[in-house]
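Enquirer: Starting from these lines, generate the structure:
(chains A and B)
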There are 2 protein chains.
Amino acid sequence: MNPFEKSKLNRVKRGQNRAIYDEETIFNIIDAGFLAHVGYIYDGYPISIPMAYTREENSLYLHGSTGNRMMLSILESGKTSINITHLDGLVLARSGLHHSVNYRSVTLFGSVKKVIDDERKTVILEKTINQMVPNRWETLRTMIQEELNRTLILQIDIDHASAKVRAEGVNDEPDDINLPIWAGVIPVKQIALEPVPDENLIDGITTPKHITTYYEKHR
Amino acid sequence: MNPFEKSKLNRVKRGQNRAIYDEETIFNIIDAGFLAHVGYIYDGYPISIPMAYTREENSLYLHGSTGNRMMLSILESGKTSINITHLDGLVLARSGLHHSVNYRSVTLFGSVKKVIDDERKTVILEKTINQMVPNRWETLRTMIQEELNRTLILQIDIDHASAKVRAEGVNDEPDDINLPIWAGVIPVKQIALEPVPDENLIDGITTPKHITTYYEKHR
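Expert: The predicted structure follows:
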């Protein structure tokens, strides 16, 4: 089955003109971030929690403590839904109703299993750290066995997914265009400020290239 | 009952040292944003969808089309859970395990009801638009009855809520402090870029004060 085909689950009901089902768009949106809202059910409530992730092929990977309530819950239920959204702009129309936002968003539905193999777990953690800041992992102290033992890693195989994207200007009612009201888009984005070194850095440690590269790219 | 007291639902399991239950902190985090992840259950999946919101006293308000699947679902079930998270920084430690993020996050559990009264609905929409960009509503074309009729507004009374906040530097293992590895925090924030006026603005419409004020505050 192609997880990017329309199904009852991933069919976008509202704003169907914004729905996109192709794999490349979906993976690009996933790969543009590192924090996802992961859903689980507790006491009948649909709770969502922001979690770091990384992607490999058709799977997302989450990690946490072996006692993490959310992770244990989705492992037990065997499934979850995950939303990843990037806000790109405020769309300010001439009427309240047509106010909107520009964004790129993916909602996916997946099956959950535990990653057991230590070598695989280490690879996933490396990818997760590098998803946050590229080339960081290679500079770190090597993981020790006890840390690996304390870390639960879940693999979410994407069963269904769809993207929604809005990337355009104001869509006002034709009758409103001639009103003396300012309308337009305020683009927004997330930026990095200057890195703040830990006050306990040992002498001679300068800001490494992967940090300055990240800052230059996101400032 | 005080919704900000600890309960089975809102008790923060992991990182309990970061859990905060006071109303002022929780309201400040809510009021700092305008997009929340709202949870609902569909086909056994805990789905979360980003939605615009506003707050009044102990309630959040969502709006959407009268056919919005998520809104109809939480109205029917009578409850939802909502997460609002602001990312403030990347915390880059000397070991992978101690990588983290700085953030302000609220998870709340609420009862859902429909707002019926047109006057109340209009007040909520005004607050929602102004939550996105302060003082915008006053400049807009007045809502018409048909638009109000097409708009479903839900009131989420907060039954339980808690905040989690991390706002600090790197917490490395004591043994790792002397390693020749750069560690520190990269602060991140969401900014506004220069407003892009709609190309169909009528002659003589200049950028109004509420837009320049927003831009100056968020650039």
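Enquirer: Could you pull out the buried residues of the longest helix seen in chain A?
Expert: Assignment by DSSP state H gives helix A:118-132 as the longest helix of chain A. Neighbour counts over helix A:118-132 (16 or more other CB atoms under 10 Å in any protein chain shown) mark A:121-126, A:128-132 as buried. C-betas here are computed from N, CA, C, even on glycine.
Enquirer: export it as PDB, just CAs?
Expert: What follows is helix A:118-132, C-alpha atoms only, in PDB (Å, rounded to 0.1, in the frame of the first residue of the first chain):
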ATOM      1  CA  ASP A 118      22.000  -1.000  20.300                       C
ATOM      2  CA  GLU A 119      23.800  -0.200  17.100                       C
ATOM      3  CA  ARG A 120      20.500   0.900  15.400                       C
ATOM      4  CA  LYS A 121      19.600   2.900  18.500                       C
ATOM      5  CA  THR A 122      22.900   4.700  18.300                       C
ATOM      6  CA  VAL A 123      22.400   5.500  14.600                       C
ATOM      7  CA  ILE A 124      19.000   6.900  15.400                       C
ATOM      8  CA  LEU A 125      20.300   9.100  18.200                       C
ATOM      9  CA  GLU A 126      23.000  10.400  15.900                       C
ATOM     10  CA  LYS A 127      20.500  11.300  13.200                       C
ATOM     11  CA  THR A 128      18.200  12.900  15.800                       C
ATOM     12  CA  ILE A 129      21.000  15.200  17.200                       C
ATOM     13  CA  ASN A 130      22.100  16.000  13.600                       C
ATOM     14  CA  GLN A 131      18.500  16.800  12.600                       C
ATOM     15  CA  MET A 132      18.600  19.500  15.300                       C
END
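Enquirer: Remind me what that helix packs against, helices and strands.
Expert: Counting contacts by 3 or more CB pairs under 8 Å, 6 or more residues apart in numbering or on different chains; DSSP states H and E, helix A:118-132 packs against strand A:45-56, strand A:59-65, helix A:145-149, strand A:151-166.
Enquirer: Turn the ones you listed into JSON lines, columns for mean neighbour count.
Expert: Shown next, in JSON lines, are the helices and strands packed on helix A:118-132 (neighbours: other CB atoms under 10 Å in any protein chain shown):
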{"stretch": "strand A:45-56", "mean neighbour count": "22"}
{"stretch": "strand A:59-65", "mean neighbour count": "21"}
{"stretch": "helix A:145-149", "mean neighbour count": "12"}
{"stretch": "strand A:151-166", "mean neighbour count": "21"}
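Enquirer: Can I get the ones you listed in JSON lines including distance to A:S111 and mean pLDDT?
Expert: JSON lines is the format used below for the helices and strands packed on helix A:118-132 (distance: least, CB to CB, whole Å; pLDDT from 0 to 100):
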{"stretch": "strand A:45-56", "distance to A:S111": "15", "mean pLDDT": "97"}
{"stretch": "strand A:59-65", "distance to A:S111": "9", "mean pLDDT": "98"}
{"stretch": "helix A:145-149", "distance to A:S111": "24", "mean pLDDT": "97"}
{"stretch": "strand A:151-166", "distance to A:S111": "5", "mean pLDDT": "97"}
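Enquirer: does the worst-scoring helix or strand of chain A on mean pLDDT come close to chain B?
Expert: Every helix and strand in chain A was compared by mean pLDDT, DSSP states H and E; the lowest is strand A:19-20, with a mean of 78. No - contact of strand A:19-20 with chain B is not found when judged by CB under 8 Å from any CB of the partner chain; the minimum separation is 13.2 Å.
Enquirer: May I have the strands that pair with that strand, each with its orientation?
Expert: strand A:151-166 (antiparallel) (DSSP bridges).
Enquirer: Show me what counts as buried in whichever helix or strand comes after the strand it pairs with.
Expert: For strand A:151-166, the following helix or strand on the C-terminal side (DSSP states H and E) is strand A:184-192. Buried residues in strand A:184-192, defined by neighbour count with 16+ other CB under 10 Å: A:184-186, A:188, A:192.
Enquirer: which of those come close to chain B?
Expert: Answer for the buried residues of strand A:184-192 near chain B (CB under 8 Å from any CB): A:184-186, A:188, A:192.
Enquirer: Tabulate those (a markdown table), appending pLDDT.
Expert: Below are those laid out as a markdown table (pLDDT from 0 to 100):
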| residue | pLDDT |
| --- | --- |
| A:G184 | 98 |
| A:V185 | 98 |
| A:I186 | 98 |
| A:V188 | 98 |
| A:A192 | 98 |
